[in-house]
Every structure is written in C-alpha cells, then in structure tokens.
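**Student:** the sequence and its predicted three-dimensional model are supplied below.
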Amino acid sequence: MPRNTQIDARGLSCPQPVMLAQKAILAASAGDVIEVLVDNVVARENVTRFAASRGCQVKTAVPDARTRQSDYEDDLDEECFIVRITVGGAR
Amino acid sequence: MKRSGLIIVSGLVIGALSILLMRMGNPASMGVCVACFIRDIAGGLGLHRAAAVQYLRPEVPGFILGATIVSSITGEFRSRGGSSPIIRFVLGFLMIIGALVFLGCPLRMVLRLAAGDLNALVGLFGFAAGVLVGVVFLRKGFSLGRSTKQPRLNGAVMPGLAVTIVVLAVAAPAFVFFSQSGPGSMHAPLLMSLGAGLVVGIIAQRSRLCMAGGIRDMFLIKSPHLLVGSLAIIAVALVLNIIGGNFKLGFEGQPIAHTDGLWNFLGMGLVGLGATLLGGCPLRQCILSGEGDTDAAITVLGMLAGAAFAHNFGTAASAAGVPVNGKWAVAIGYAIALTIGYLGLPRAEEGGNRRAA
C-alpha cells in the first residue's frame, strides 16, 4: 500500500527543501508519494531536479481549495507549489 | 536539461565579462569580486578611510538591479524575510572578514586561480573545507528558520539602495570618496561596469549560480549542477588569460595577493562556512537581495559593515601579508560562526527548529 507523505518546506533557504526531500525519498518505498510544499521557484526547481535525478516521477501543482482545507492548516494565500514526487524503484 | 545549459552559459559570461572589465581598467584578477567591490563601496561612502580602496563600484548595484529587473518580469520577485536577520548580518560580516584576509570572495578566488595564482588554490581548499564544516551542520539539521512574506515595500529597499549608489557614482558629489591611487583608482568606465553588473545580475538570477552551492551540493546530494557554473568561469578565464598573456603560474608576485598559506586557507574557510550556513555565497546574497529577499539584503549590509570594520580595525590583508588583527578577527570569526552553527541545530525538546514557523 503506497504511503503519502507531506513536507512543508515553505520559507526555508537553500538547500533545506532538497535535504528534506532527500530524507523522505530515502525512507520511502517504490510507489510512495511525497508532496513537498514550497513557496518559491528556486526550491521548486531544486526539489524537482533532485527527485528526477533519483529516478522519481515529479509533477508540480498549485494548491487548490481542497488541499487548503485538508492537508495544510495554515493559509496558503501566498504563492506556493506542491511538488508531487512518486518514488521510483531505483534510487 | 535547459538549466544545465544555462548554468554553463552563466559561468562563461561571468568569466568573460570579468576578463573584459580587467582589460578595461578593473584591478588585476579582481574581475567582479563581490568582497573587493563591497569593500570599495564602503570606502566610497566613507565608512572606512583606507585611501587606496574607495570607489562606488557600479557592478554590485548592477548585480542587485539585474536580479530585480528579471525577477520582476518572471514574477519571482517576492518580499520575504524574517529568517534570523541579525544572525545573517553577523554571518555576512564574518564572510567579508575572511574574504579580506584571503583577498577575494569565491568569485575572485576562481579568477585568481585562472590567472595561475596558486595561493588561490590554497584558498579553494580552505573554502571547500569551510563548506564541508557547514554541510556537517546542515546534515545535523541546522536552520536559520523560515522566512515569511513581507509587505512589498521591504523588498524594494535594497533595489532602492542600489539605485542610490549608482546615482552617487554618476553624480560624484564632494562627500563621496574616490581613490586617487591603488586598486580603488583602477576601474573600467562607469557605464561599462554598470552594464556588466546588470548582465551578471540577470544571468545569475536565472541560473541561480552560487560558488558555495556548487561545492555544497557535491558533498550533500552529489549534484554537480551548480559546480559546473564555477568550472565554466575558471575555464573561460583560463583560456582568455592564456591568450592575453596574463597567465602566470606560481605563488610569488601575484597581483593583490599574499603568500601566507595558512591564512589564505583559514580566511576562505570562514567564507565557506558562513556561506553554507547562510545558504549562498556573497554573489548569491546580492542576487537574492535584488529579488525581494530581505534576509539576503541584511546579509549584504552585514558584508558592507564587515568591509568597513576590516579597514578601520586593520584586519584586511594586503600584498604585504596578513596583519595580526586579521588573524585575531578570523579566529574570533570561527568561534562565532561555529557557535551559530551549534546553536542553530534542532533542540530535542522543540522537536527540531525546522518545525518552528
């Protein structure tokens, strides 16, 4: 059963968002989904590049009203991205 | 990938522009050294009175404004801050103390290396060692805390200051200091310096080039992405130096450099440690400060204060060597930076300060 992990990396400076993603990817099994919430383009790019380099599938989305209510309690009025990482077999 | 191409182009352009600016009058192997130029700006504003290093270098405001322009177009400009601003001020201050003992920021370090200055190789080893110490702290969970969104005016302050520096450089009022001799008197034409600074600011914003990040990411996530940018700077500067007859391999007689290996190593080590704790090298701090990052802006002001202090208190090195005050300043700098690193680690009872909002 694939697990779904969420990481809030908003407001963290380089390279902390990537390190949090790295930790989660290493702890995950193939098929698990890790969502990294970031609030700037650089962190989005870095997390995306890192996850792709570890053989994961990566998609970026903008949080919608549903996630705003359920997954993250804080307000998400500022610019945010969810980097959705599907962990691959080989890492 | 597109970004990998961009980082190489970024390195090539910065390396080539550095050599061009030196051809047009900037001091030898200084190129667009952020530490040297912030030191000169501190002198130009009269914050220190070292007569040889006073000039309102338009390159630095160019970096900042280039980043402001391009980040406004791409929508990346965001006023943010609140991630330990006063600690960032201190770390920015310490980076410059270290850089002025070595005589150059990481950018000038690679430019010196590309001109055959082997003292810079010693500096590079020190820099890498400092980054590695910073990486150890990062691995243990070091964080300066989260930044949050701030009212838009906050992000506009640094670009505003940059415009002010350019206006003062152009208008040259009597209260601004301009060196009559020494490195501060050597400069490319003002508009060329400003233009080159803007170009560097634009491409460094797009490529996220960071001299400390290159080495850090190799240690941390085995990613050569940013390092390739630094290597591109060395490659193009090396080729242009050899073609121009400016390549001279050795330790002795290098321009605006000293041969004290221990302090070249330790000086750059402090820069590497500070930059890793901050999350970016002096150039990257300038770029971020232009994108609305007020924490980076505070860091740049810390660098400005550190540069003034370095000359007022005689801690900056010269071709003659490193003064005793400089050695003390670097030693104290390590004590402070290591304390900041230690105290920035997550506390067990807090469940890690990464979680702190």
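**Tutor:** Perfect, thanks for sending it. Numbering: from 1, shown residues only, chains lettered A, B, ... in the order given.
**Student:** mind listing what the closest residue to chain B within chain A touches?
**Tutor:** Nearest to chain B in chain A, going by Cβ to the nearest Cβ, is residue A:11, at a distance of 3.2 Å. For the C-beta atoms, the positions are set from N, CA and C on the backbone; glycine is no exception. Applying Cβ atoms under 8 Å, 6 or more residues apart in numbering or on different chains to residue A:11 gives the contacts A:39, B:80, B:83, B:145, B:146, B:147, B:148.
**Student:** quick one: the first one and residue A:10 touch, right?
**Tutor:** Yes: at 4.1 Å, residue A:39 and residue A:10 qualify as touching, with contact defined as Cβ atoms under 8 Å.
**Student:** list residues touching both of the two?
**Tutor:** residue A:80.
**Student:** count of neighbours near the residue of the stretch 101-250 of chain B found nearest chain A?
**Tutor:** The minimum distance from the stretch 101-250 of chain B to chain A, using Cβ to the nearest Cβ, falls at residue B:146 (3.2 Å). Residues lying near residue B:146 (other Cβ atoms under 10 Å in any protein chain shown) number 22.
**Student:** so it versus residue B:322, what's the distance?
**Tutor:** 38 Å (Cβ to Cβ, to the nearest Å).
**Student:** same check on residue B:280?
**Tutor:** Residue B:280 is 26 Å from residue B:322, by Cβ to Cβ.
**Student:** now residue A:45: which helix or strand?
**Tutor:** helix A:41-53 (DSSP states H and E).
**Student:** of all the residues in the following helix or strand past that helix, which ones are buried?
**Tutor:** Sequence-wise, the next helix or strand downstream of helix A:41-53 (DSSP H and E) is strand A:57-61. In terms of neighbour count (16 or more other Cβ atoms under 10 Å in any protein chain shown), strand A:57-61 has its buried residues at residue A:58.
**Student:** what about the closest residue to residue B:280 other than its chain neighbours, how many neighbours?
**Tutor:** The shortest distance from residue B:280 to any non-neighbouring residue, by Cβ to Cβ, 6 or more residues apart in numbering or on different chains, is to residue B:210 (5.1 Å). Residues within reach of residue B:210, counting by other Cβ under 10 Å, total 29.
**Student:** residue B:210 touches residue B:276, doesn't it?
**Tutor:** No: look at residue B:210 against residue B:276 with Cβ under 8 Å: they stay out of range, at 10.3 Å.
**Student:** which secondary structure element of chain A has the lowest mean pLDDT?
**Tutor:** helix A:65-70 (a mean of 50; mean pLDDT, DSSP states H and E).
**Student:** quick check: residues of chain B near chain A?
**Tutor:** Counting by Cβ under 8 Å from any Cβ of the partner chain, chain B comes close to chain A at B:1, B:3, B:74, B:76, B:78, B:80, B:83, B:138-139, B:143-149, B:208, B:210, B:213, B:216-217, B:220-221, B:223, B:225, B:278-280, B:295, B:354, B:357.
**Student:** quick one: secondary structure of the residue most central in space within chain A?
**Tutor:** In chain A, the C-alpha nearest the mean C-alpha coordinate belongs to residue A:36, at 1.9 Å (Cα atoms, centre = their mean). Classification of residue A:36 using DSSP: H, G, I helix; E, B strand; the rest coil returns strand.
**Student:** what is it paired to in the beta sheet?
**Tutor:** residue A:7, residue A:83 (DSSP bridges).
**Student:** isn't it up against residue A:20?
**Tutor:** Yes: counting by Cβ under 8 Å, residue A:20 is a contact partner of residue A:36 at 7.0 Å.
**Student:** between these two, what contacts are shared?
**Tutor:** A:7, A:9.
**Student:** so, low pLDDT: which residues of chain B?
**Tutor:** B:1-2, B:348-357 (pLDDT under 70).
**Student:** quick one: the strands in it?
**Tutor:** B:80-81, B:148-149 (DSSP state E).
**Student:** comparing the ones you listed, which comes out most buried?
**Tutor:** Each of the strands of chain B was scored by mean neighbour count; the highest is strand B:80-81, a mean of 22, by mean count of other Cβ atoms under 10 Å in any protein chain shown.
**Student:** flag the shaky bits of chain A, pLDDT-wise.
**Tutor:** A:64-78, A:90-91.
**Student:** which residues of it lie near chain B?
**Tutor:** Counting by Cβ under 8 Å from any Cβ, the residues of chain A lying close to chain B are A:10-16, A:18-20, A:22, A:40-42, A:45, A:49-50, A:53, A:74, A:78-79.
**Student:** isn't residue A:43 up against residue A:12?
**Tutor:** Yes: shown here, residue A:43 and residue A:12 form a contact pair, counting by Cβ under 8 Å, at 7.3 Å.
**Student:** just give me the neighbour total for the closest residue to chain A within the stretch 251-357 of chain B.
**Tutor:** Per Cβ to the nearest Cβ, residue B:279 is where the stretch 251-357 of chain B lies closest to chain A, at 3.8 Å. For residue B:279, the count of nearby residues is 28 (other Cβ under 10 Å).
**Student:** can you pull the contacts of it?
**Tutor:** A:13, A:14, A:15, A:16, B:144.
**Student:** I'd say the first one and residue B:83 touch.
**Tutor:** Meaning residue A:13. Yes: in this structure residue A:13 lies within contact range of residue B:83 using Cβ under 8 Å: 6.3 Å.
**Student:** pull the contacting residues for the residue nearest to the spatial centre of chain B.
**Tutor:** Nearest to the geometric centre of chain B sits residue B:282, at 2.5 Å (Cα atoms, centre = their mean). Contact analysis of residue B:282 by Cβ under 8 Å, 6+ apart lists B:34-35, B:38, B:92, B:95-96, B:99, B:105-107, B:271, B:275, B:303.
**Student:** switch to 10 Å and redo it
**Tutor:** B:33-35, B:37-38, B:60, B:63, B:92, B:95-96, B:99, B:105-108, B:210-212, B:271, B:274-275, B:299-300, B:303 (Cβ atoms under 10 Å, 6 or more residues apart in numbering or on different chains).
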